[in-house]
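**Q** Coordinates for the following, if possible.
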Amino acid sequence: MRPEFDYSAAFSRNIGWVTEAEQQTLRSRRIAIAGMGGVGGVHLLTLARFGIGAFSIADFDRFDIVNFNRQAGAMMSTLGEPKVEALARMARDINPLVDLRCFPEGVGEDSLDAFLEDVDLYVDGLDFFAFAARRAVFAACHRRGIPAVTAAPLGMGAAVLVFAPDSMSFEDYFGLEGCDEDEMALRFLLGLSPGMLQRAYLADPSRVDLAARKGPSTIAACQLCAGITAVEALKLLLGRGKVFKAPWGYQFDAYQNRLKRTWRPGGHRNPLQRIGLWLGRMQLQRMKQEALKHGKS
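**A** Here you go, the predicted model:
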């Protein structure tokens, strides 16, 4: 006979790094996560083990075999299964008392209000190229005063930005309004990681194709993102510890054993960002020309 679940016992080893009162605070909080793939799925499971008591999760996709290298819910037993269903089951296996609101159609303008209802924190788990959905969610969080964290798995590291009611907004920082898809990709990538630490050890540059919306990824980066995001979530939800908010950001790269903190006042308008974007546009143009030369597009 299985023993009954006991919340206090299940998360008792958190006590010491958080107080018992703080653990109960975490239990009473709701986090919204859009995207249950590479980072979103492991965000959910990591935060569930922190004892967060409620989640709103969204994803319209199903697991495919190409997800196996990095996505927490991708296994032979879940092939073809909706990601939201698989991750919800895994979260309930950690904490049967967790309050889950599932959005299997993903997040859109018609579901944003319900998705963000009673939410204390938003964690970005959307696909890198899901710009329309990402902009809509971050704008809604800004209007509602909900802090939001995005952690990008880049190479074998993580690049982190925190947007809060008293910081720059997502749109002010990245400046994606009126941009085409290529420009959005460049601005998002360079805004996340001005230091571009991951570039130094890329083994096969041909696998990075912003124009085709493709790029390599690793589970190491996804897990680093989840650990870092969980700590930022803890600080934001408990109101203690230093949080570096946009236009501050930071990137940790495990391969290079480097931590780089960045400050970009003005966001995309910053002179250093403008130079980086100009160089990025030149590189993207060269990549397109190479692709045409080899018959890839």
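**Q** any idea where the strands of the stretch 151-297 of the chain begin and end?
**A** 157-163, 248-253, 258-263 (DSSP state E, counting those that start in this stretch).
**Q** Tabulate the ones you listed (TSV), appending distance to residue 213.
**A** For every residue, glycine as well, the C-beta is placed using N, CA and C. Converted to TSV, the strands of the stretch 151-297 of the chain look like this (distance: least, CB to CB, whole Å):
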stretch	distance to residue 213
strand 157-163	19
strand 248-253	22
strand 258-263	25
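**Q** which residues of the chain score low on pLDDT?
**A** Under the criterion pLDDT under 70, the flagged ranges of the chain are 210-212, 287, 290-292, 294-297.
**Q** what ranges do the helices span in it?
**A** Under the criterion DSSP state H, helices of the chain are mapped to 7-10, 20-27, 40-49, 83-94, 112-115, 131-144, 170-174, 181-192, 219-238, 271-293.
**Q** Which other helices and strands does the fifth one contact?
**A** Spelled out, it's helix 112-115. When contacts are defined as 3 or more CB pairs under 8 Å, 6 or more residues apart in numbering; DSSP states H and E, helix 112-115 sits against strand 99-103, helix 131-144.
**Q** Tell me which of those sits most buried.
**A** Ranked by mean neighbour count, the helices and strands packed on helix 112-115 are led by helix 131-144 with a mean of 19 (mean count of other CB atoms under 10 Å).
**Q** so it versus strand 157-163, what angle?
**A** Helix 131-144 and strand 157-163 are oriented at 40 degrees to each other (axes from the mean of the first three to the mean of the last three CA atoms, to 10 degrees).
**Q** contact partners of helix 131-144?
**A** 34, 106-109, 112-113, 115-116, 119, 122, 124, 126, 146-148, 163, 165, 169-171, 176, 181, 184-185, 188 (CB atoms under 8 Å, 6 or more residues apart in numbering).
**Q** And stretch 196-211, by the same measure?
**A** Contacts of stretch 196-211 (CB under 8 Å, 6+ apart): 154-157, 182, 185-186, 189-190, 214-216, 251, 253, 255-256, 258, 260, 284, 287-288, 291, 297.
**Q** now the strands of the stretch 151-297 of the chain as TSV including mean neighbour count?
**A** Below are these laid out as TSV (neighbours: other CB atoms under 10 Å):
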stretch	mean neighbour count
strand 157-163	26
strand 248-253	21
strand 258-263	14
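**Q** how close does the residue nearest to residue 267 when sequence neighbours are not counted sit to residue 251?
**A** Spatially, and ignoring its direct neighbours in sequence, residue 267 is nearest to residue 173 (3.7 Å; CB to CB, 6 or more residues apart in numbering). From residue 173 over to residue 251 the distance is 15 Å, taken as CB to CB, to the nearest Å.
**Q** quick one: terminal-to-terminal distance for stretch 5-12?
**A** 13 Å (CA to CA, to the nearest Å).
**Q** Just the buried positions in it, please.
**A** Residues of stretch 5-12 classed as buried by neighbour count (16 or more other CB atoms under 10 Å): 7, 11.
**Q** ok, back up a step: could the helices and strands packed on helix 112-115 go into JSON lines alongside distance to residue 20?
**A** Shown next, in JSON lines, are the helices and strands packed on helix 112-115 (distance: least, CB to CB, whole Å):
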{"stretch": "strand 99-103", "distance to residue 20": "21"}
{"stretch": "helix 131-144", "distance to residue 20": "30"}
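**Q** of the contacts of helix 131-144, buried ones?
**A** Judged by 16+ other CB under 10 Å, buried ones among those: 34, 106-107, 112, 115-116, 119, 122, 124, 126, 146-148, 163, 169-171, 176, 184-185, 188.
**Q** wait, what's in contact with the residue lying closest to residue 126 once chain neighbours are set aside?
**A** Of all residues not flanking residue 126 in the chain, residue 35 sits nearest, at 4.2 Å (CB to CB, 6+ apart). Contact analysis of residue 35 by CB under 8 Å, 6+ apart lists 58, 59, 124, 125, 126, 127, 130.
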